[in-house]
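>>> Predicted model follows, preceded by the sequence.
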Amino acid sequence: MTDASDSTAVRARISVSGRVQGVGYRAFTVRNAVQRELVGGVKNCEDGRVELEAEGPKDRIVSLIEVLKAGPPASRVTGIHVEWLPASGRQTSFVVWY
């Protein structure tokens, strides 16, 4: 039996710090979010972090967070902060935000 909370859409605002710019981290994030059928977006921040919002079933977002901890080969993630929010329903795909 599946936990109903796992299929209810939620939104996560995620901040990733470390060596995450200039290493393909945004493309890595898009690829992994799309594979999990999540919607939202990812962007670089001026302070060197990468921020993203992912929306969809919580279990899929948790799965995304696990791969974000590793990142692409050239990255070095030193921290991830996650803020859980209600789903907004505003996004229809997962893209890079500029």
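Everything's here; your move.

>>> rest of the way, CA atoms for contacts and neighbours
Fine.

>>> same for the lengthiest helix in the chain, what does it pack against?
In terms of residue count, the longest helix belonging to the chain (DSSP state H) is helix 58-70. Judged by 3 or more CA pairs under 8 Å, 6 or more residues apart in numbering; DSSP states H and E, helix 58-70 is in contact with helix 4-7, strand 9-19, helix 25-35, strand 76-86.

>>> Confidence-wise, which of those is weakest overall?
Lowest mean pLDDT of the helices and strands packed on helix 58-70: helix 4-7, a mean of 56.

>>> picking up where we left off before, using TSV, please lay out the helices and strands packed on helix 58-70 together with distance to residue 41 and mean neighbour count.
As requested, these are exported to TSV (distance: least, CA to CA, whole Å; neighbours: other CA atoms under 10 Å):
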stretch	distance to residue 41	mean neighbour count
helix 4-7	20	12
strand 9-19	10	19
helix 25-35	8	19
strand 76-86	15	13
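
>>> How about residue 69: what's its closest non-neighbour residue?
The shortest distance from residue 69 to any non-neighbouring residue, by CA to CA, 6 or more residues apart in numbering, is to residue 77 (6.1 Å).

>>> Mind listing the residues bridging to the one you found?
residue 18 (DSSP bridges).

>>> Go ahead and confirm it touches residue 66.
No: using CA atoms under 8 Å, residue 77 makes no contact with residue 66, being 11.4 Å away.
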